[in-house]
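Visitor: Take a look and give me a structure for this.
(chains A and B)
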Amino acid sequence: MRRFEESMERELRAAEKPLVDDGFTEGVLRRLPSRRRRLEWSPRWTLAGAAAAGSFLTLVLTPPIETLWHWSGSIAGFAVPAPTLLVFIVFAAVPLVWLLRSD
Amino acid sequence: MTDADAALVARVVAADDRAAFELLVRRHQSPLRNFLRRLTRGNAARADDLAQEAFIKAYAALPSFRGAAKFSSWLYRIAYTTFLNDNRGRRGDETEFDEAQHSAAADDAAGAADDATDLERALRRLPVRQQAVFDLHYRKGMTHFEVAESLELPLGTVKSDLARGQEKLKEYLDDWEVA
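Guide: Numbering: from 1, shown residues only, chains lettered A, B, ... in the order given. Model (predicted):
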């Protein structure tokens, strides 16, 4: 059986003829999905959108901030308290900086 | 996985490097297409479609490839599963599909079209799984363990497939010599 196995192995390996590519690889590359780009961008924009929406809702709906917002808006834009401005800037800037750096 | 394959896989995973993936396809297309051509009994068009599908699936799944197995073993596993699923689909869709008839017709066509040796013709008479085991072990030089990994079979099944297959091949070849 061992001799049979050896001669079979020799014969089978010898019969393994290489196939010419003949456009096969190009065909595969044409059909590759653009999966990664979508996967990478989707969570980034989701996070950025969520941060922006969160900042907006905080400013508009939180009663003390809402009061300050309207009051400062009626007089001048600078009257918004510094902590509120800081929170807003941080929430808006962090995802933006992250987006720019990751590109 | 060879170092060269590992480096290319790393480039695809890290930076979606399509040039690296192209090199992987060029390197493995011929043995993979040959493997599928034998399983599809010489149907080159179907084998190439399945091979393309296998490479595309491999590309999509590369981020989950941990490199524990050789890239080629992993690729053959995808190709073999793709082939089996396609076979199941064909059986479901084509009510008139008859495996034995199909095999005989394909064997005749393949026999007429190529210069297959008696051994290769005898191999085509083995069940598909045994053909796959023989191909990977003898033609691709995989160890029993690698074959088991590639085809997702228990190691014992691979060994018994090889032993039983050899007995059948000897039988077929002896019959032909006598005839």
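
Visitor: Can you point out the buried residues in stretch A:89-102?
Guide: Buried positions in stretch A:89-102, judged by neighbour count with 16 or more other C-beta atoms under 10 Å in any protein chain shown: A:F91, A:P95. All C-beta atoms are positioned from the backbone trio N, CA, C, and that covers glycine.

Visitor: in chain A, which spans are helices?
Guide: With helices called from DSSP state H, chain A shows them at A:2-14, A:24-30, A:35-61, A:63-75, A:82-102.

Visitor: hey, least reliable of those helices by pLDDT?
Guide: Taking each of these in turn, the one with the lowest mean pLDDT is helix A:63-75, at a mean of 66.

Visitor: just how off-centre is the helix or strand where B:S30 lies within its chain?
Guide: Element membership for B:S30, per DSSP states H and E: helix B:18-39. Counting by C-alpha atoms, centre = their mean, to the nearest Å, helix B:18-39 is centred 11 Å from the centre of its parent chain.

Visitor: list the helices and strands the very next helix or strand once past it packs on?
Guide: Downstream of helix B:18-39, the next assigned helix or strand under DSSP H and E is helix B:44-61. Counting contacts by 3 or more C-beta pairs under 8 Å, 6 or more residues apart in numbering or on different chains; DSSP states H and E, the secondary-structure elements packed against helix B:44-61 are helix A:24-30, helix B:18-39, helix B:71-93.

Visitor: nearest to A:A53, of those?
Guide: With C-beta to C-beta as the measure, helix B:18-39 is the member of the helices and strands packed on helix B:44-61 nearest A:A53 (35.5 Å).

Visitor: Need the residue closest to the centroid of chain B.
Guide: The residue lying closest to the centre of chain B (C-alpha atoms, centre = their mean) is B:F35, at 3.8 Å.

Visitor: and B:E152, backbone torsions?
Guide: Here the main-chain torsion angles of B:E152 (degrees, to the nearest 10) amount to phi 50, psi 50.

Visitor: State whether it and B:R77 are indeed in contact, as I suppose.
Guide: Yes - judged on C-beta atoms under 8 Å, B:E152 makes contact with B:R77 at a distance of 6.1 Å.

Visitor: When these two are compared, which one has more neighbours?
Guide: B:R77 (17 against 9; other C-beta atoms under 10 Å in any protein chain shown).

Visitor: before we move on, the earlier item: quick check: which of the helices and strands packed on helix B:44-61 is nearest to B:E167?
Guide: helix B:18-39 (20.0 Å).

Visitor: on that earlier part again, can you tell me which of the helices and strands packed on helix B:44-61 is packed in deepest?
Guide: A comparison of those by mean neighbour count, using mean count of other C-beta atoms under 10 Å in any protein chain shown, puts helix B:18-39 on top with a mean of 20.

Visitor: which strands and helices sit next to it?
Guide: helix A:24-30, helix B:3-15, helix B:44-61, helix B:71-93, helix B:128-134.
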